[in-house]
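Colleague: give the three-dimensional model of this entry:
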Amino acid sequence: MKRTVIILLAVSILGLAAAYFFQPDTSIDYASFQSRFATAFRRADFHAVEVASCSGDQIPFPWTLRPQRRASTRDSHIDFAVGFPDSAEHYKLVIDDSPPLDCFVRYFDSRAAFIAIRARSSQASVARALRSALAQEFPGFTITLTTNDA
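Modeller: Numbering: from 1, shown residues only. This is a model prediction of the structure:
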(Lines give C-alpha, C1' and ligand atoms only; values in the text may rest on other atoms or scores of the structure.)
Protein backbone atom coordinates (compact mmCIF):
# COMPACT_ATOMS: atom_id res chain seq x y z
CA MET A 1 0.00 0.00 0.00
CA LYS A 2 2.74 2.45 1.01
CA ARG A 3 4.77 1.60 -2.09
CA THR A 4 1.75 2.28 -4.36
CA VAL A 5 1.23 5.71 -2.82
CA ILE A 6 4.90 6.60 -3.35
CA ILE A 7 4.76 5.46 -6.99
CA LEU A 8 1.56 7.46 -7.62
CA LEU A 9 3.10 10.53 -6.01
CA ALA A 10 6.26 10.21 -8.15
CA VAL A 11 4.20 9.81 -11.33
CA SER A 12 2.10 12.87 -10.39
CA ILE A 13 5.21 14.98 -9.79
CA LEU A 14 6.71 13.87 -13.12
CA GLY A 15 3.43 14.70 -14.87
CA LEU A 16 3.33 18.19 -13.38
CA ALA A 17 6.98 18.79 -14.29
CA ALA A 18 6.34 17.65 -17.88
CA ALA A 19 3.27 19.92 -18.13
CA TYR A 20 5.35 22.86 -16.92
CA PHE A 21 8.33 22.34 -19.23
CA PHE A 22 6.44 21.29 -22.36
CA GLN A 23 3.64 23.84 -22.40
CA PRO A 24 2.95 25.33 -25.84
CA ASP A 25 4.49 28.66 -26.78
CA THR A 26 1.64 31.12 -27.42
CA SER A 27 3.92 34.12 -27.94
CA ILE A 28 3.87 36.02 -31.24
CA ASP A 29 6.85 37.51 -33.05
CA TYR A 30 7.19 41.29 -32.68
CA ALA A 31 6.68 42.35 -36.32
CA SER A 32 3.56 40.25 -36.82
CA PHE A 33 2.10 41.25 -33.47
CA GLN A 34 2.50 45.03 -33.92
CA SER A 35 0.48 45.29 -37.12
CA ARG A 36 -2.22 42.87 -35.95
CA PHE A 37 -2.54 44.59 -32.55
CA ALA A 38 -3.07 48.02 -34.09
CA THR A 39 -5.60 46.61 -36.56
CA ALA A 40 -7.51 44.83 -33.77
CA PHE A 41 -8.03 47.84 -31.53
CA ARG A 42 -8.83 50.15 -34.45
CA ARG A 43 -11.42 47.68 -35.75
CA ALA A 44 -13.14 47.97 -32.35
CA ASP A 45 -13.14 51.80 -32.74
CA PHE A 46 -10.39 52.39 -30.19
CA HIS A 47 -7.47 54.67 -30.92
CA ALA A 48 -4.19 55.23 -29.12
CA VAL A 49 -3.70 58.62 -27.50
CA GLU A 50 -0.33 57.68 -26.03
CA VAL A 51 2.23 54.91 -26.55
CA ALA A 52 5.35 54.54 -24.43
CA SER A 53 7.94 51.88 -23.70
CA CYS A 54 8.35 50.77 -20.12
CA SER A 55 10.32 48.26 -18.11
CA GLY A 56 9.17 44.68 -18.22
CA ASP A 57 9.43 44.60 -14.43
CA GLN A 58 6.37 46.86 -14.22
CA ILE A 59 4.20 44.14 -15.80
CA PRO A 60 4.80 40.81 -14.07
CA PHE A 61 3.90 37.60 -15.86
CA PRO A 62 0.65 35.97 -14.74
CA TRP A 63 1.28 32.86 -12.65
CA THR A 64 -0.30 30.73 -15.40
CA LEU A 65 2.22 31.95 -17.99
CA ARG A 66 5.79 30.80 -17.62
CA PRO A 67 7.96 31.95 -20.53
CA GLN A 68 10.93 29.82 -21.37
CA ARG A 69 13.91 30.89 -23.40
CA ARG A 70 14.27 29.02 -26.64
CA ALA A 71 17.30 26.80 -26.81
CA SER A 72 19.49 27.52 -29.78
CA THR A 73 20.07 24.65 -32.19
CA ARG A 74 23.28 26.24 -33.46
CA ASP A 75 25.74 27.67 -31.00
CA SER A 76 27.79 29.61 -33.57
CA HIS A 77 25.12 31.83 -35.11
CA ILE A 78 24.15 35.37 -34.21
CA ASP A 79 20.50 36.17 -33.56
CA PHE A 80 19.11 39.47 -34.75
CA ALA A 81 15.66 40.31 -33.44
CA VAL A 82 13.58 43.37 -34.08
CA GLY A 83 11.61 44.40 -31.03
CA PHE A 84 12.06 44.47 -27.32
CA PRO A 85 14.03 41.62 -25.72
CA ASP A 86 12.37 41.80 -22.29
CA SER A 87 10.23 44.88 -21.80
CA ALA A 88 6.73 46.24 -22.28
CA GLU A 89 4.75 48.89 -24.12
CA HIS A 90 2.06 50.98 -22.47
CA TYR A 91 -0.87 52.08 -24.64
CA LYS A 92 -3.55 54.51 -23.54
CA LEU A 93 -6.58 53.60 -25.63
CA VAL A 94 -9.83 55.53 -25.91
CA ILE A 95 -13.15 55.01 -27.60
CA ASP A 96 -15.32 58.06 -28.33
CA ASP A 97 -14.84 60.44 -25.39
CA SER A 98 -14.28 57.83 -22.66
CA PRO A 99 -11.37 58.07 -20.22
CA PRO A 100 -8.33 56.14 -21.48
CA LEU A 101 -7.81 52.46 -20.76
CA ASP A 102 -4.33 51.29 -19.86
CA CYS A 103 -3.23 48.46 -22.11
CA PHE A 104 0.18 46.88 -21.63
CA VAL A 105 1.90 44.50 -24.04
CA ARG A 106 4.60 42.44 -22.35
CA TYR A 107 7.50 41.21 -24.46
CA PHE A 108 9.82 38.36 -23.64
CA ASP A 109 12.68 37.21 -25.83
CA SER A 110 11.64 39.70 -28.57
CA ARG A 111 8.15 38.20 -28.76
CA ALA A 112 4.80 39.44 -27.47
CA ALA A 113 3.99 37.24 -24.48
CA PHE A 114 0.68 38.64 -23.20
CA ILE A 115 -1.60 41.68 -23.05
CA ALA A 116 -2.75 43.24 -19.75
CA ILE A 117 -5.72 45.64 -19.76
CA ARG A 118 -6.24 47.79 -16.66
CA ALA A 119 -9.37 49.87 -16.18
CA ARG A 120 -11.49 51.51 -13.53
CA SER A 121 -14.64 49.70 -12.44
CA SER A 122 -16.73 52.28 -14.28
CA GLN A 123 -14.94 51.31 -17.53
CA ALA A 124 -15.48 47.57 -17.15
CA SER A 125 -17.84 47.20 -20.13
CA VAL A 126 -15.51 49.18 -22.42
CA ALA A 127 -12.54 47.14 -21.21
CA ARG A 128 -14.41 43.89 -21.88
CA ALA A 129 -15.18 45.12 -25.41
CA LEU A 130 -11.47 45.77 -25.99
CA ARG A 131 -10.54 42.37 -24.60
CA SER A 132 -13.11 40.70 -26.85
CA ALA A 133 -11.76 42.49 -29.95
CA LEU A 134 -8.19 41.49 -29.08
CA ALA A 135 -9.23 37.89 -28.34
CA GLN A 136 -10.80 37.64 -31.80
CA GLU A 137 -7.53 38.74 -33.40
CA PHE A 138 -5.32 36.62 -31.11
CA PRO A 139 -7.20 33.42 -30.21
CA GLY A 140 -5.42 31.46 -27.50
CA PHE A 141 -3.20 34.42 -26.60
CA THR A 142 -3.13 35.42 -22.91
CA ILE A 143 -5.10 38.64 -22.34
CA THR A 144 -5.73 39.68 -18.74
CA LEU A 145 -8.27 42.26 -17.60
CA THR A 146 -8.05 43.96 -14.22
CA THR A 147 -10.61 46.48 -13.00
CA ASN A 148 -10.22 48.64 -9.91
CA ASP A 149 -10.94 52.13 -8.67
CA ALA A 150 -7.94 54.39 -8.39
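Colleague: just the helices in this protein please.
Modeller: Taking DSSP state H to define them, one finds helices in the chain at 2-21, 30-43, 124-137.
Colleague: out of those helices, which gets nearest to His90?
Modeller: Closest of those to His90 is helix 30-43, at 13.1 Å (criterion: Cβ to Cβ). Placement of C-beta: from N, CA and C, glycine included.
Colleague: hang on, the earlier thing: need the helices of the chain in a markdown table (columns: distance to Ile143 and mean pLDDT).
Modeller: Shown next, in a markdown table, are those (distance: least, Cβ to Cβ, whole Å; pLDDT from 0 to 100):
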| stretch | distance to Ile143 | mean pLDDT |
| --- | --- | --- |
| helix 2-21 | 22 | 74 |
| helix 30-43 | 10 | 87 |
| helix 124-137 | 5 | 93 |
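Colleague: tell me which of those helices lies nearest to Ala88.
Modeller: Among the helices of the chain, helix 30-43 comes nearest to Ala88, with 12.4 Å by Cβ to Cβ.
Colleague: tell me the buried residues in that closest one?
Modeller: For helix 30-43, the neighbour count (16 or more other Cβ atoms under 10 Å) marks 30, 33-34, 37, 40-41 as buried.
Colleague: same thing with stretch 87-105?
Modeller: Buried residues in stretch 87-105, counting neighbours by 16+ other Cβ under 10 Å, are found at 87-91, 93-95, 100-105.
Colleague: likewise for stretch 124-133?
Modeller: Residues of stretch 124-133 classed as buried: 126-127, 129-131, 133 (neighbour count, 16+ other Cβ under 10 Å).
Colleague: coming back round to it: strands - which of the buried residues of stretch 87-105 land there?
Modeller: In strands, defined here by DSSP state E, the members of the buried residues of stretch 87-105 are 87-91, 93-94, 101-105.
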